[in-house]
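>>> Build me a model:
(one chain, ligands or ions: 1)
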Amino acid sequence: MRILVTGGAGFIGSHLCEFLLARGHEVVCMDNLLTGVIDNIERLSADPRFSFVKHDVTGYLVVEGALDYVLHFASPASPHDYLEMPIQTLKVGALGTHRTLGLAKAKRAAFLLASTSEVYGDPLVHPQREDYWGNVNPIGPRGVYDEAKRFAEALTMAYHRFHGVDTRIVRIFNTYGERMRLDDGRAIPAFITQALAGKPITVYGDGSQTRSFQYISDLVDGIWRLMQAPVTVPVNIGNPHEMTLLALAEKIRRLSGSPSEIVFEPLPEDDPKVRQPDIGRARTLLGWEPRVDVDEGLGRTIAWFRTRLARA
Ligand code: UDP
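Numbering: from 1, shown residues only. So this is what the prediction gives:
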């Protein structure tokens, strides 16, 4: 296949590009490098089946030649980033999804939207199943991301129903691994960077809020299975192993052999109290199951951060 990956220089996007190339596909990677990093795709550039286009997907899109699949992964995705770039976040979720769907329709390509567990907001149903409609504050600070992704899902379904585009929606839960930006502000990169520097580990609130963290290779496997399955309803992809943020901080401190103390800072507004995917649909429809447990995944991620920090 010839596949366009928007946001291909980002954390998840670059892993996807690498995976697809390894399976013999041709990849066009598009990124405006707002939160994507050219370093992430440097090794891929030597492959003749890989090309990079620096472009903002909210503007008119021109991609020469045929496309079989459009994977729309462009967006700031860390709360820290989307609070700093609220308008770009809304635009890439709304206008960018419109452009990429239009491109998929014109090229008669299939389309996959990277959606998010944030569509469930601060959930009142736990764990979150795909048929839960969510609890989102549209005017809160996280609304720029949550509502853009909810709009993106609605637009994807409209292109599917009205224009017959072959679409997929993956709702991605917290994901971590190599190539996350050191300064991206999310819990795992923040805790690892702090632990490795022997600085205080900053837990927001009392640390009793929960998340469920999946390792990047499990996510990529889930996306690949979804791309090939005739499933147009949204599918959660995440690791159901739920833990408190305080437990995560302690685990990272232990795994990295760090002397850091844990300090508590104010909880950001609208921070979801709990989050855990129900993965029944992915199990049944895709035969998918996460395989990397959190100690193993964090171990690999910490090793990568160590090397990265030594270079910085
Ligand atoms: N968090 C924290 N310390 C940090 C960064 C994040 O305690 O330095 C908390 C944050 O308040 C949230 C959880 O970790 O409860 C996960 O935050 P993240 O930014 O990774 O993503 P989210 O799941 O909120 O989208």
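>>> and the one residue in the stretch 1-150 of the chain that gets nearest to the ligand, how many neighbours?
Nearest residue of the stretch 1-150 of the chain to the ligand, counting by C-beta to the nearest ligand atom: Pro79, 4.6 Å away. The way it works is simple: take the backbone N, C-alpha and C, and place the C-beta from them, glycine included. Number of residues near Pro79 (other C-beta atoms under 10 Å) recorded here: 19.
>>> so who does it touch?
With contacts defined as C-beta atoms under 8 Å, 6 or more residues apart in numbering, the neighbours of Pro79 are 141-142, 145, 185-186, 268.
>>> Need the buried ones from these selected in ChimeraX.
Taking 16 or more other C-beta atoms under 10 Å as the burial criterion, the selection of buried members of the contacts of Pro79 in ChimeraX is written as:
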select :142,145,186
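>>> Show me the subset of the contacts of Pro79 that also lies near the ligand.
Within the set of those, contact with the ligand (C-beta under 6 Å from any ligand atom) is found for 186, 268.
>>> What helix or strand is the residue lying farthest from the centre of the chain located in?
Using C-alpha atoms, centre = their mean, the residue of the chain lying farthest from its centre is Pro259. It sits 30.5 Å away. Following DSSP states H and E, one finds Pro259 outside all helices and strands.
>>> With Ile201 as the reference, measure out to it.
When C-beta to C-beta, to the nearest Å is applied, the distance between Pro259 and Ile201 equals 11 Å.
>>> re the thing from before, quick one: the residue of the stretch 1-150 of the chain closest to the ligand from Ile139, how far?
When distance is defined by C-beta to C-beta, Pro79 is 16 Å away from Ile139.
>>> Residues of the stretch 1-150 of the chain that sit close to the ligand?
With C-beta under 6 Å from any ligand atom as the criterion, the stretch 1-150 of the chain comes near the ligand at residues 78-79.
>>> Mind jotting down where the helices sit in the stretch 1-150 of the chain?
Under the criterion DSSP state H, counting those that start in this stretch, helices of the stretch 1-150 of the chain are mapped to 11-22, 79-84, 86-107, 143-163.
>>> export those helices to TSV and tack on distance to Ala195?
Compiled in TSV, the helices of the stretch 1-150 of the chain are given as follows (distance: least, C-beta to C-beta, whole Å):
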stretch	distance to Ala195
helix 11-22	19
helix 79-84	18
helix 86-107	29
helix 143-163	27
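>>> okay, these, which one's buried deepest?
With neighbours defined as mean count of other C-beta atoms under 10 Å, these peak in mean count at helix 11-22, which reaches a mean of 22.
>>> Not counting its own residues, what contacts that helix?
Counting by C-beta under 8 Å, 6+ apart, helix 11-22 makes contact with 1, 3, 5-8, 27, 29, 31, 36, 40-41, 44, 47, 49-50, 71, 73-74, 77, 114, 172, 175, 177, 179-181, 184, 216-217, 219-220, 223-224, all of which sit outside it.
>>> again, only using 7 Å
Here helix 11-22 makes contact (C-beta atoms under 7 Å, 6 or more residues apart in numbering) with 3, 5, 7-8, 27, 29, 36, 40-41, 44, 47, 49-50, 71, 73, 175, 179-180, 216, 219-220, 223-224.
>>> what's the answer for stretch 143-161, then?
Stretch 143-161 is contacted from outside by 82, 86, 89-90, 93-94, 97-98, 101, 105, 111, 113, 115-116, 118-119, 121, 136-138, 165, 167, 169, 232, 234, using C-beta under 7 Å, 6+ apart.
>>> Nearest residue to Leu245 in space, please, no chain neighbours.
In space, Leu245 comes closest to Gly207 once its chain neighbours are excluded; the distance is 4.6 Å by C-beta to C-beta, 6 or more residues apart in numbering.
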